[in-house]
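1. Below are the sequence and a predicted model; questions follow.
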Amino acid sequence: MKNVNISSQLSYLDRNLFVSLRPYESPDHTSWIDPVDPSIANMVTEEQARFGNYLPFQRIENIILIAAADPDIPEVISVIEYIEGKVVLCRAEKEDIKLAQDRIYGYQPSTPDKKLGSYLLSQGKISSSQLVASLKLQMEEASGAKIGSILLEQGLVTHWDVAEAYARQKGIPAIDLISGENAKAFLYHKELGPIWDWVDHRFWYRHLTVPLAINDDTLTIAMVDPDDQEAINNLSGISNRKLRIFVTGYRDVMSILNLRYHTEHEEASRLDLVNRRPEDSAIHQISRRQAIIFIVLALVMILGFIFQSQVTGTVIAGIIELMYALVSIFRLWAMTKAASQDSEIFVSKADMDAIPPTSLPAYTILVPLYKEASVLPTLAKAMKELQYPKDRLDVKFLLEEDDEETIEACRAAHLPPYVELLIVPDSQPRTKPKACNYGLTKARGEYVVIFDAEDIPDPDQLLKAITIFRQSDDNMACVQAKLSYYNENQNILTRWFTSEYANWFELLLPSLYGHDMPVPLGGTSNHLRTDVVREMGAWDPYNVAEDADLGVRLHKAGYRTAVMDSITFEEANSDFVNWVRQRSRWVKGYLQTWLVHMRHPVKLWKELGMVGFWGFQMTIGGTPLQFLINPILWAITILWFLFQPNYMHEVFSGWIYYVGNLCLFLGNTSFIMANLVGVIKAKRWSLAIWTLLTPIYWVFMSIASYKALNQLIFKPSYWEKTIHGLAKNQSLSPIDTQGTSQGLPL
Amino acid sequence: MGTSSNVLQHRVTLSEKFTDSSTVLNSNSLYPRWEGRTLSVVAFVMSLIAGYQLVFKLNQVYGDAMSRILTGMYIFWNGNFHLAAMSFYWSPLISLLAIPFALVRQIWSPLMGYGFASNILSAAFSAIGIYYMHKILWRFGIPTWARITLSLLYFFNPLIFLYSSNGMSDGMACALIIASIEGLVDYLQNDNIIGIVRGGAWLAAAFMVRYEAVPIGAGLGIGLAIAVWRQHKQFNRAFGVALTYLFPAISAGIIWILLNWMIMKNPLYFMNSRYSNAAQIRSGTFNTPQVMAADHHFFNALGQVLHFSDNFWPIFPAIIIILILYLRKTHNISIGLSLALGSIGAPLLQLLLLYTHRSADWDRFFIYYIPFGVITTSFVLYQITKTRLIHLVSIIACVIFISADYVAARALISPIWGNGEQQVINALTHHGSATSGTNHLQNVFIKLKNGRNLALYINDHPHLKVLLSSFSSWAAFPYIKNQNQVIFSNLSDFNATLENPRGRVNAILAVPINAYSQTTDEVSVTYPNMWSGGVPWTKLIHQFSNGSRLYEVLPDAP
C-alpha cells in the first residue's frame, strides 16, 4: 500500500466510464441481472474490497472491470498490480459498491457505527484490555480527547496506526508521505506551488494538512484529522473545487511542512523582528545618536577632569549616588508593596475546574536544548506530569543542528507522541531566542510557553495560565510563572542564587505587575498568547536577554504581563565559573535591552507612561548599573578609610557624602532585607540566615557584570551557554514539606 | 483592548487563599480606619494642648527633650548639613525629625527656644500609639465600644498622657513599640508577611529613639520564634521569621555603631561617652536611697523593678496566666507568649542597670509596663474567653483598666515611685511657675532664660567668637543670631579648638564647678581651674547671673 506513485497510475483510469452495480431487470422483465460476477469479485479479498471501496465486477474478454468509489487511491491502484490481464477502473457510487459487496460477501453493517478503537483492536494494534483502560481514561478525563490520542499518549499505537484506523473508519484512503519520493513530489510539483500560498503557512500547521494534487475540479489534500471541518470548508471555499481527502499521520504532515517551510522559517527566526520593528532589534547595539551622545559625554567628562576635576568628580559622584539611592529605594518600595498586597494572581482549583476540558486549546511548549542530553529523562517526566490534555499539547524540543549528541539522545529516548523534535538550522546568531523563534513559526498552539531543559513546572501551570487569560482583558498577553530552584542547599552559591530569585519573582515582578510597570520576563515559564508574540515579531535573536526585552516590548504595545502563583523549579547554577557565564549573559542582555529601548527616550516615555518609564529605568537600567557601580564605590570607600585622600574629601563633600552613606548603609540593608523577605514569602526558611551574607554575592555579580560589559562591546550577540545537570541529588529540597502545593516530580 | 486600570482591578482569586472566616475578620482591609484615625486626632490635639500648657503655662520644659530637639538644629548650624553635630550620645531619630522644626524656627522661636517642637513630636507619636493600640484591640476581636474605651483608658493613663505631651522620648518609644507589636500580631494571626516587615521597621525606629527597644525587641523576637516553632515545629521557619522581624533593628544598631566609629572614633560612644547614663550616675547626682539600695543587691533591685509595675498593675497577673496556659497547652497563645517575653525585656534591662549601679530609678524607665500591660491584659481577657459574654468581659476590662490608671496616678504622685515626675505633679497641683525656681523642671526653664541672656550678650558683641560646651549652655543656641560666633561641642572643630584656642576663638565660657559639670562640661573637664580664674592665658570679660563666666583668650594661649 505504501510507495504508490499516484500520478503514474492514473493512466489506467477511464474517467468517463461510470457504472452502476445495482441489479437490473432483464429486457423481457422476467428476471433480475446482477452486473457483479461473483467469480470476478472474489479475485480480491473482502477486506481489500471493503477497505478500498472497490470491487472487480466483470470480465470482458481479457479486460477486468473494477468499480471504485475513488479510483485514484493507492488501495485501488495497488490491486492492479496483482490482477492478471488488463484492468479498467470505472467509477461507481459508493453506495452501489457497498450493496454489491454485501451481495457477494454477505451483509455488513455500515462502517460509521464502528469506533476507531474497534478498528485498532481488529487490526491487532491494541488488546481489548488496553482499549477498555483507555476508554475508561477517556471518560475520566472528559477532556474531549479522542481515543486515538489517548492510545498515542500511552505509547500503545503510532501516529500511522491511528491514521490507518481513521482511514478505515471513515472509509477514506490513507497515504504515507514520509517514505519514498512522495514528499519531494508534493513539495516540488509545479501545480502545487500556488496552492501553498493560498493560505498562511500557519493554516497548514494549525490544521495539520498538506496539499497533494489539484486539477480543474478537485483539490487533493492529506489531513491528520479528516473531521476538521474548519480546514475543509476553508480549503474548498478558497480553491472553489471539490476536496479529495486522504488521511495521513501527524509526523507525515509535519515532515512535509517542515521541509516546505524550512528556509522561510529559518529566515524568519533571524529576521522577523528586524524586518517588522528594526528599532526594537539589538542587531545594532547602539544607534548613531546614542553613539554621539556617549562620545560627547565622555569628552565632557575628560575635559571636566582636566580643567575642573573637583567639580567634575563631585557631579559624577552625585549623579551615580543619586541613581544608586533611587534604585535602592525602588527595590525597598517594591518589597514592601509585594509583601503587603497580593499582586500576583492566585488561581484556585475551583477556577480551573470551571473551565470545560473540551474547551482547552492547543498549547505549544518550546524547549530549547543544547548539549543537554543528560536532563532528557527529567524533562520528559516534567512534560508528562503536566495536567493538560495531551492531544492538545504541542511540545517542541528545539535542537541545534550541530548538537548530534542531544539529537541522538532524543531520538533514542522514546519520547511521547506529543513531543516533536525540531532541528534548528545552524546559522548566526546561534541563540536561544532564535531557536524559540524557529519553534514559534511551527507552533500550533493558541498559547505558547518556553521551558528550559531542566525545568520542572507545577503540573497545573498551563491550566492556571489559561484560566487567567480567560478571566482577563484582551490586553493580557503574558502570564509569568514564578521561578525557583530545587537544589538550593547544594552550596552557598545556590543558596544565594535561590534567595535572589525569591526576591525577584516573589517581590519585584509582582510589584511591577501590580503597579502597571513593564515586567522583564523570566527566561522560562512565560505563557504567551501566540498571536501576540507573532505580532510583536517574537523574540529578538540578537538580544541575549530576549525575555526581558519581550516584556518591555509587550508593555510598549499596550499589552500587560501578569505574575501568577505557580512555580517552575529549575536547577540553580552551582559552579562559580558556570554561574559567571550565565550571569554575564543576563547582565549583557539587560544592557542591550536598555540601549535598544533608550534609542528614543521621549517615545519610550510616551509608550510606557511615566510610571512604566521609571519602572523600566529602575529594573532594566538600574539592575546592571548597580552591579557595575558597586566595585567603584567599594574601592572609593576603602580608599577613603585607608588613605583619606584630600581629593576624595573635596569630591565627596557636603550632601554627596551623606547620600554616599545612605547608599552604603540603606542600600545594603534594603537589599538584604528584600532577599530575606523574598525567601520568607517563598517559604524557603532555611535560606534566611544566608541572606545576611549576600553582600559577598554582589561581588560575584560585579565580576560577571564586567565580563558582560566586555562582551557587550566585543561579542554582543554571543550566547554564553549555561551548563545544566550539575545538581546533586542529595541537595534537592524537600519543598513539598515546606509549603508548595506540588511536590517535586523527581 | 482593556485599560490598564482594568488589569489592575483584576487581582486575585481569593476563594482559596482566605477560607478561614477568622482570617477574613482580621484582614487589614477590613480595619475600621476611621475609628483609629479619630482616636489619633483626639490624642494629638489633647496631647498638644497639654504640651502647650506644660511649657507655656506651667513652665515645665524637660532638659532631655530640649537637648534632643536642639541637636536637630546643630546639624544645620553653619548652613551646611553636618550629621556629626547630632550628638551621638542621643539615639538619633528625634533629632532627625527635629530638623524641619529647626529650619523654620525663625517663624516661631519657641519651637526651639522652649523646645516646643519636642512637644509637637510627642503629640504626633501619641497619635501613632493610640492608632495602633486600637488596631491591636480590633485584632483581638474586641467590640467597637470596648476597644475605643480601652484605647482611651490607655491614652489617659497618667504617665502615658504626660509623656504624650512633654516632649520626652519615652512616650515616643512606647508608640513605636505598640506599632511594632501590631505588625507582629498581624503576622501571628494572619501569617501576613508584611506584618513582620512592618513590625520590624517600627522596632528599628524604636531603637533609634530609645535603647530600651533592644531588650524589648529581643523579648518579642524570641517570643515570636518560640511561637512559630511551637506552631510548625520547624526550626528554620522560626529562625527565619524572627530574623526578618529583628533584622531592621539589628541593621539600625550596626549602622549606629559604624557611624559612632566613623565619626566619634569610638563604636560604643553612645554607651560609654561622658554623657551616657552610666557616666551621669557615676557623678552621684542621681543617687537616691532607692538607687543606692539596689546597688549590687539583687533582691532590692528586683523589688524595685517589680514595684514599678504599679504603672499598670494587671501586667504581671496577665503574664502569669499566659505562662500557665502555655504550659497547659489548652489555648493558642502564640501572640501572648511574644507579648509576655517582650514585656519583661525593659524591666530586665533596668534590673541589670540598677543592680550594677548604672541607671537611676526614674518612673519613666518603667513606662513600658503600660503599653505591654494593656495589650497583654486585653489579649488574656479576650483570647481566653473568646466570644462568650464579650460585653461582660469588656466591662470587666474597663474596670481593671480604670483601676490600673488610678494606681498609676497614685504612684506618680509618690516621691519614690514617681521619681522624676512629682515635680510636674506639684506644678499641676500647686500651679507652680517659672519664677519659683523650686524644682528641676522649672530650673530648666530658668536655664532657658539664662541661655537667652548669654545669647543676647554674644549677639551684642559681634566681635566675639566664643567656645562653649553644648552640654552646659545649650539653652543659648536657639537665640544666637550669627552662628559663626560660637563653637560648641557638637561641631567638628570643637575638640581642636578646645585644645588650641588661640586664633580659633577669642573667648571661652566657663560654668561653675560642681559634680555634674566636672564630668559633662568639656571646658570644665579640660580646664578645671578656668572658672576660678586659674588659667593664665585667659582674662575675665563678663560674669552672668547664673554664675557662668566669659573669659577672653589671650595671645599666649596654646
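-> Nice, I can see it. Numbering: from 1, shown residues only, chains lettered A, B, ... in the order given.

2. so which residue of the stretch 101-250 of chain B comes closest to chain A?
-> Nearest residue of the stretch 101-250 of chain B to chain A, counting by CB to the nearest CB: residue B:240, 3.3 Å away. C-betas here are computed from N, CA, C, even on glycine.

3. now whatever helix or strand that residue lives in: mean pLDDT?
-> Assigned by DSSP states H and E, residue B:240 belongs to helix B:235-264. Throughout helix B:235-264, pLDDT has a mean value of 91.

4. so where's chain B uncertain?
-> Counting by pLDDT under 70, chain B contains low-confidence residues at B:1-27, B:274-276, B:283, B:330-332, B:386-388, B:431-442.

5. Contacts only, for the residue nearest the centre of it.
-> Geometric centre of chain B, nearest residue: residue B:169, 2.3 Å, by CA atoms, centre = their mean. Residue B:169 makes contacts with B:64, B:65, B:68, B:91, B:94, B:209, B:210, as judged by CB atoms under 8 Å, 6 or more residues apart in numbering or on different chains.

6. Please repeat the previous calculation with a cut-off of 10 Å.
-> Residues in contact with residue B:169 (CB atoms under 10 Å, 6 or more residues apart in numbering or on different chains) are B:62, B:64-65, B:68, B:90-91, B:93-94, B:118, B:121-122, B:125, B:163, B:176, B:206, B:208-210, B:212, B:364.

7. now do residue B:530
-> Contacts of residue B:530 by CB under 10 Å, 6+ apart are B:508, B:509, B:510, B:511, B:513, B:523, B:524, B:538, B:549, B:551.

8. who's the last one bridged to?
-> Here residue B:551 shows beta-bridge partners residue B:508, residue B:540, assigned using DSSP bridges.

9. Now do the strands for the stretch 51-200 of chain A: every range, in order, please.
-> Ranges of strands in the stretch 51-200 of chain A, per DSSP state E, counting those that start in this stretch, are A:54-60, A:63-68, A:86-92.

10. How about the stretch 451-558 of chain B?
-> Taking DSSP E, counting those that start in this stretch as the test, the strands found in the stretch 451-558 of chain B are B:466-468, B:486-488, B:507-510, B:538-543, B:549-553.

11. Please point out which parts of the last one sit buried.
-> This means strand B:549-553. B:549, B:550, B:551, B:552, B:553 (16 or more other CB atoms under 10 Å in any protein chain shown).

12. and that strand with strand B:538-543, angle?
-> Using axes from the mean of the first three to the mean of the last three CA atoms, to 10 degrees, the inter-axis angle of strand B:549-553 relative to strand B:538-543 is 140 degrees.

13. Tell me which other helices or strands strand B:549-553 touches.
-> In terms of contacts (3 or more CB pairs under 10 Å, 6 or more residues apart in numbering or on different chains; DSSP states H and E), strand B:549-553 is packed against helix B:440-460, strand B:466-468, strand B:507-510, strand B:538-543.

14. ok, now the second one?
-> Strand B:486-488 makes packing contacts with helix B:440-460, strand B:466-468, helix B:470-473, helix B:494-499, strand B:507-510 when contacts are defined by 3+ CB pairs under 10 Å, 6+ apart.

15. Pipe these into TSV and attach mean neighbour count per row.
-> Shown next, in TSV, are the helices and strands packed on strand B:486-488 (neighbours: other CB atoms under 10 Å in any protein chain shown):
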stretch	mean neighbour count
helix B:440-460	19
strand B:466-468	26
helix B:470-473	24
helix B:494-499	15
strand B:507-510	26
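
16. Tell me how many other residues crowd the residue lying closest to residue B:391 once chain neighbours are set aside.
-> Leaving aside its sequence neighbours, residue B:391 sits nearest to residue B:143 (CB to CB, 6 or more residues apart in numbering or on different chains; 6.8 Å). Number of residues near residue B:143 (other CB atoms under 10 Å in any protein chain shown) recorded here: 16.

17. Next up, phi/psi of residue B:143, please.
-> phi -60, psi 160 (degrees, to the nearest 10).

18. Residue 278: neighbouring residues, count only.
-> Assuming you mean chain A. Neighbour tally, residue A:278, other CB under 10 Å: 12.

19. you looked at the wrong chain, it should be chain B
-> Neighbours of residue B:278 using other CB under 10 Å come to 16.

20. tell me which element it is part of?
-> Going by DSSP H and E, residue B:278 is in helix B:277-282.

21. how distant is that helix from the center of its chain?
-> Relative to its chain's centre, helix B:277-282 lies at 18 Å (CA atoms, centre = their mean, to the nearest Å).

22. Could you list every helix and strand in contact with it?
-> Using 3+ CB pairs under 10 Å, 6+ apart, helix B:277-282 sits against helix B:269-272, helix B:345-355, helix B:515-520.

23. can those go into CSV with extra columns for mean neighbour count?
-> Converted to CSV, these look like this (neighbours: other CB under 10 Å):
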stretch, mean neighbour count
helix B:269-272, 18
helix B:345-355, 22
helix B:515-520, 17
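
24. that older thread, which of the contacts of residue B:169 fall in helices?
-> Mapping the contacts of residue B:169 onto helices (DSSP state H) picks out B:64, B:65, B:68, B:93, B:94, B:118, B:121, B:122, B:125, B:163, B:176, B:206.

25. Just want the angle from whichever helix in chain A runs longest to helix B:235-264.
-> Identified as the longest helix of chain A according to DSSP H is helix A:309-340. Calculated by the same axes, to 10 degrees, helix A:309-340 forms an angle of 150 degrees with helix B:235-264.

26. List the buried residues in the helix or strand harbouring residue B:378.
-> According to DSSP H and E, residue B:378 maps onto helix B:369-385. Residues B:369-384 are the ones in helix B:369-385 that count as buried (16+ other CB under 10 Å).

27. Which single residue in the stretch 351-500 of chain B comes nearest to chain A?
-> For the stretch 351-500 of chain B, CB to the nearest CB, closest residue to chain A: residue B:492, 12.4 Å.

28. burial count for the nearest residue to that residue once chain neighbours are set aside?
-> Spatially, and ignoring its direct neighbours in sequence, residue B:492 is nearest to residue B:84 (5.8 Å; CB to CB, 6+ apart). For residue B:84, the neighbour count with other CB under 10 Å is 15.

29. show me what contacts residue B:84?
-> Counting by CB under 10 Å, 6+ apart, residue B:84 touches B:74, B:75, B:259, B:262, B:263, B:264, B:490, B:491, B:492.

30. In three-state terms, how would it be classified?
-> Recorded secondary structure, residue B:84: helix (DSSP: H, G, I helix; E, B strand; the rest coil).

31. any idea how far residue B:494 is from it?
-> Look at residue B:84 and residue B:494: by CB to CB, to the nearest Å, they are 10 Å apart.

32. Kindly report the same for residue B:110.
-> In this view, residue B:110 and residue B:494 are 27 Å apart by CB to CB.

33. For the stretch 201-350 of chain A, which segments count as strands?
-> Using DSSP E, counting those that start in this stretch, the strands of the stretch 201-350 of chain A run over residues A:209-214, A:218-223, A:242-247.

34. Report how many residues lie close to the closest residue to residue B:409 other than its chain neighbours.
-> Sequence neighbours aside, residue B:158 is the residue nearest to residue B:409 in space, at 4.5 Å (criterion: CB to CB, 6+ apart). The number of residues packed near residue B:158 is 21, by other CB under 10 Å.

35. rewinding a little: which among the ones in helices among the contacts of residue B:169 end up buried?
-> Buried by 16+ other CB under 10 Å: B:64, B:65, B:68, B:93, B:94, B:118, B:121, B:122, B:125, B:163, B:176, B:206, out of the ones in helices among the contacts of residue B:169.

36. List the residues that contact the fifth one.
-> With CB under 10 Å, 6+ apart as the criterion, the residues that contact residue B:94 are B:64-65, B:67-69, B:71-72, B:117-118, B:121-122, B:125, B:167-169, B:172-173, B:208-210.
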